[in-house]
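1. just to be clear, the model below is a prediction. Sequence and coordinates:
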Amino acid sequence: MIDLSLDITMRQGGFSLSVRDAAPVEVLGIFGPSGSGKTSLLEAIAGIRTPDEGEIRIGDRILFSSAKRIDLPARDRRIGYVPQDALLFPNMNVAANINYGRHIQGDFESLVKILDLQALLDRRVKMLSGGEKQRVAIARALMTRPSILLLDEPLAGVDRERRDVILPYILRIRKELHVPLIYVTHDREELGAIADRVLHLGGS
């Protein structure tokens, strides 16, 4: 479950957000148009982007606090982050990409089965479809045994038919692994299928 508290100000781009005393959820959906700050929010949580001021807390762990001068490095935040473009290593096959993020307790076989990647393990990245790349990127992020997984519009680069194929895999992560998700999208149907609670950015 996610117990998320945010109070973030980013002066670059005029971004400001406050979410406090949020009820714990398994999947928090972030919804809004392009330019509303969805990716900036994920990058701030992941430690890739530093807010000008405020606080980011997940559960009882403070990841960032300007008042307390806390700014945990990304590697210490125990957060899995899958950006829109997946960012796989083109010189590696699927198995090597997944294992690149391996934690000592990472369960390769279980993730490969859940995400249905058995037939792809020997393939190079250039031989994968957009949806297959996203599944590999998700598996690699989960191999780090994160406390929370951030997904930045994971289905934005695939057509509706492929979305209907990929979404059940993401739902399996929720059902079988119980890893809390923050799921960014601009698609209301996706939100309806996966999110317990929705945070709207940039209007309704």
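-> Here it is on my side, so go on.
2. tell me which residues touch residue 56, please.
-> Taking CB atoms under 8 Å, 6 or more residues apart in numbering, we find residue 56 in contact with 5, 6, 7, 8, 44, 45, 62, 63, 64, 65. For glycine as for every other residue, the C-beta is placed from the backbone atoms N, C-alpha and C.
3. out of the residues you listed, which are buried?
-> 6, 7, 8, 44, 45, 63, 64, 65 (16 or more other CB atoms under 10 Å).
4. tell me which of these fall in strands.
-> Using DSSP state E, the subset of the buried ones among the contacts of residue 56 located in strands is 6, 7, 8, 63, 64, 65.
5. distance to residue 198 and pLDDT added to these, as CSV?
-> Shown next, in CSV, are these (distance: CB to CB, whole Å; pLDDT from 0 to 100):
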residue, distance to residue 198, pLDDT
6, 15, 73
7, 19, 74
8, 18, 75
63, 22, 92
64, 23, 93
65, 26, 92
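6. can I get those in CSV with distance to residue 151?
-> Output for those, formatted as CSV (distance: CB to CB, whole Å):
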residue, distance to residue 151
6, 17
7, 23
8, 19
63, 18
64, 20
65, 25
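7. from the residues you listed, which single one is nearest residue 160?
-> residue 6 (31.7 Å; CB to CB).
8. ok, that closest one touching residue 58?
-> No. Counting by CB atoms under 8 Å, residue 6 stays clear of residue 58, with 9.4 Å between them.
9. if I look at the two, which residues touch both of them?
-> residue 45.
10. could you give the number of residues near residue 35?
-> Around residue 35 there are 12 other residues, counting by other CB atoms under 10 Å.
11. how about the contacts made by the closest residue to it other than its chain neighbours?
-> Counting by CB to CB, 6 or more residues apart in numbering, residue 35 lies nearest to residue 202, which is 7.2 Å off, once chain neighbours are set aside. Listed by CB under 8 Å, 6+ apart, the contact partners of residue 202 are 32, 33, 35, 36, 37.
12. can I assume residue 202 sits in a strand?
-> No. Applying DSSP: H, G, I helix; E, B strand; the rest coil, one finds residue 202 to be coil, outside a strand.
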